[in-house]
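Enquirer: Next input, structure requested:
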Amino acid sequence: MDILEIISTRRSVREYKKERPSDGDIKSILEAGHWAPSGLNNQPWRFIVIDDNDRKEGLARFTKYDDMIIRAPVSIVILFATTDSYDRDKDMMAMGACIQNMMLEAHSLDIGSCWLGEITNRKEDAAMYLGLDNDLEIVAVLTFGYSNEPITEGWRKPLKDMIIL
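Expert: Sure, this is the predicted structure:
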């Protein structure tokens, strides 16, 4: 697939098969996030890969989307390393680029994903559970696995309606 096709056909997947993506595919997804652009090339992202049931269940307690974390074969916690920050607003844009890269790479490998941001409502509690240092802030959890749901067509407003002249 070319990049525009990958972008336009990616969908959030919420139901996964039990089969776990390979370590190589997970490494490729992490590598894609690692290569995201960031201001001053500060690369403020860090990752925690969670694939064992006890840790998934423990993390899931901090979000209303607990079932997605529990059922997904792999979850990756996306962290913002505040000690590498130079401008929080710009760094958050970089974090979004990192997350998007990871989801697009997953899709290119036929691996489904979903971005869970709601966990930030209890990020301090989740950070304590994970034993994080104070300089690591939870930005999101991404779930990954092979889709076990029908993939629907995407929809966007017409591009002409989005362009302001």
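
Enquirer: going forward, measure contacts and count neighbours with C-alpha atoms only.
Expert: Will do.

Enquirer: correct me, but N53 touches I70?
Expert: Yes - if you go by Cα atoms under 8 Å, N53 and I70 touch, sitting 7.0 Å apart.

Enquirer: Find the helix or strand that G33 is a member of.
Expert: For G33, the element it lies in under DSSP states H and E is helix 23-34.

Enquirer: swap in V139?
Expert: V139 belongs to strand 136-145 when assigned by DSSP H and E.

Enquirer: Helices along this structure, start to end?
Expert: 3-9, 23-34, 53-60, 66-71, 88-108, 123-130 (DSSP state H).

Enquirer: Including mean neighbour count, mean pLDDT and distance to K160, could the ones you listed go into TSV?
Expert: Below are those laid out as TSV (neighbours: other Cα atoms under 10 Å; pLDDT from 0 to 100; distance: least, Cα to Cα, whole Å):
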stretch	mean neighbour count	mean pLDDT	distance to K160
helix 3-9	13	95	17
helix 23-34	18	98	30
helix 53-60	17	98	41
helix 66-71	21	97	36
helix 88-108	20	98	24
helix 123-130	16	98	38
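
Enquirer: Those helices: which one's closest to I163?
Expert: helix 3-9 (18.3 Å; Cα to Cα).

Enquirer: residues in contact with the closest one?
Expert: L104, H107, S108, E153, G154 (Cα atoms under 8 Å, 6 or more residues apart in numbering).
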